[in-house]
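Colleague: kindly generate the corresponding structure for this input.
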Amino acid sequence: MGPNHVDHLEGADADKHRLRIVLETISGERSVEHACEELGVSASRFHELRREALQAALDGLAPGAAGRPKHEDPSADQERLKALERENRELMLELQASYTRTEIALAMPHVLTSEGKAEIKKKARRARRAKRRGSAESGGGI
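Modeller: Residues are numbered from 1 along each chain as shown. I've put the predicted structure just below:
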């Protein structure tokens with residue numbers, strides 16, 4: 001039967017036709033030149049198609065893992081889901097804090113520089129001194 005085994009496979013008729021032609025070149029029933037004419041492809045493309053078909057066949061024949069595939073415990077899935085939800089909340093908070101820092105940096109860029117920080121501290125000291133002087137002056141007049 002040779003390449004006619006393809007007729008019993010599941011798939012599109014056009015794909016079966018291409019595979020049959022590839023198998024006919026392998027069995028020597030058809031030349032590569034004639035196959036290229038039939039498929040309307042160049043010789044290099046035909047060789048690529050033949051290599052892909054043979055590679056897929058080889059991959060399909062590789063032995064798989066023995067037995068049934070393991071199914072994870074549903075409770076482990078629930079624990080993983082809870083952990084991912086916790087991580088998501090933490091990351092969302094971190095993202096929001098980052099947005100807030102960015103907005104502050106855009107609104108008050110002087111806060112980010114060392115000179116700006118020094119200036120803020122200097123103004124805070126002046127305000128504290130002025131407050132102390134004001135309370136000392138008002139307290140002494142009574």
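Colleague: how does this structure divide into domains?
Modeller: 2-60, 88-128 (automatic domain parsing).
Colleague: ok, which of those domains comes nearest D73?
Modeller: Relative to D73, the nearest member of the domains of the chain by Cβ to Cβ is domain 88-128, separated by 22.3 Å. Where C-beta positions appear, they are placed from N, C-alpha and C, glycine not excepted.
Colleague: any idea how far apart the tips of that closest one sit?
Modeller: Taking Cα to Cα, to the nearest Å, domain 88-128 runs 43 Å from one end to the other.
Colleague: circling back to that earlier point, which of the domains of the chain has the lowest mean pLDDT?
Modeller: Lowest mean pLDDT of these: domain 88-128, a mean of 81.
Colleague: and the helices in this structure, which stretches?
Modeller: Taking DSSP state H as the criterion, the chain contains helices spanning 13-27, 32-39, 43-61, 74-107, 114-140.
Colleague: tell me what the second one is packed against?
Modeller: It refers to helix 32-39. When contacts are defined as 3 or more Cβ pairs under 8 Å, 6 or more residues apart in numbering; DSSP states H and E, helix 32-39 sits against helix 13-27, helix 43-61.
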